[in-house]
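Novice: Sequence plus predicted model, see below.
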Amino acid sequence: MEKNDFNSSISANISADEATKKISNVPGWWRITFSGSSEKQNDQFVVKMGGDSFFDFTVAELIPGERVVWLITDCNMPWYANKKEWADTKIIFDVTETDGVTTVDFTHEGLTPEVECYKDCAPGWTHWIKTSLLSYFTTGEGVFRAPTI
C-alpha cells in the first residue's frame, strides 16, 4: 500500500466476524447492480454502475473477523479517458476488534490523487464507507442516497 492510496476508517459496536460478513454482503451497503458471489475466498462478482460500466471482482482474500480483499480483474469506466483505471487495483478491508468495538480500515490500493477518477471516486468511497457501511453495521440498512439539505 502506498501512502497516497485512498483510505477511510469506521468503528462500530459489532463483532469483527459480523463486520466481515456484512462487508461481504455487498448489495446491503453499496448501491450498485450486483451479480455473482462475494461470500468466500476465490468467489467472483460483477458490479455495474449504469450504462456500459462494469467491474469484475475476485475475492482475493477473506479471513473472517480480520480481512477482506477484492481484486478488480477487469473494468469499463466509459466516463474516463482510461476506461480500465480500476483494473488490477485492490479494495482492502482490514478489520480489528478491541473491547467489543470493531474498526474497519478501508483502502483502495491504486486509487491515488494522480488517477483521473480520484476526484469522483474518493467522495464516493467516503460515502459508501463512512455513511452507508457504517449504517449497515449499526442499523442493518445501508444509506443509498445522500441526505438532502
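Specialist: Received, thanks.
Novice: So which residues of this protein form helices?
Specialist: Remark: helices assigned in the chain by DSSP state H are 16-24, 118-126, 134-139.
Novice: any idea how far Asp56 is from Asn76?
Specialist: 9 Å (Cβ to Cβ, to the nearest Å). To be clear about C-beta, it is placed using only N, CA and C from the backbone, and glycine gets the same treatment.
Novice: Ok, Asn13 next?
Specialist: In terms of Cβ to Cβ, Asn13 sits 39 Å off from Asn76.
Novice: quick one on the thing from earlier: CSV for the helices of the chain, including distance to Thr102?
Specialist: Output for the helices of the chain, formatted as CSV (distance: least, Cβ to Cβ, whole Å):
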stretch, distance to Thr102
helix 16-24, 5
helix 118-126, 19
helix 134-139, 8
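Novice: Give me whichever of these is most buried.
Specialist: Of all the helices of the chain, helix 16-24 has the most neighbours on average by mean count of other Cβ atoms under 10 Å, namely a mean of 20.
Novice: From the contact counts, what lies against that one?
Specialist: strand 54-63, strand 67-76, strand 90-98, strand 101-109, helix 134-139 (3 or more Cβ pairs under 8 Å, 6 or more residues apart in numbering; DSSP states H and E).
Novice: chain center to the shortest one, what's the gap?
Specialist: The gap between where helix 134-139 is centred and where its chain is centred comes out at 15 Å by Cα atoms, centre = their mean, to the nearest Å.
Novice: Tell me both backbone torsions, phi and psi, for Gln41.
Specialist: Main-chain torsions, Gln41, degrees, to the nearest 10: phi -60, psi 140.
Novice: okay, the closest residue to it other than its chain neighbours: pLDDT?
Specialist: Spatial nearest neighbour of Gln41, chain neighbours left out: Leu62 (4.5 Å); criterion: Cβ to Cβ, 6 or more residues apart in numbering. If you check Leu62, the pLDDT there is 97.
Novice: was I right about Lys83 contacting Phe54?
Specialist: No: with contact defined as Cβ atoms under 8 Å, Lys83 does not reach Phe54; the gap is 10.3 Å.
Novice: which residues are common contacts for those two?
Specialist: 75-76 (Cβ atoms under 8 Å, 6 or more residues apart in numbering).
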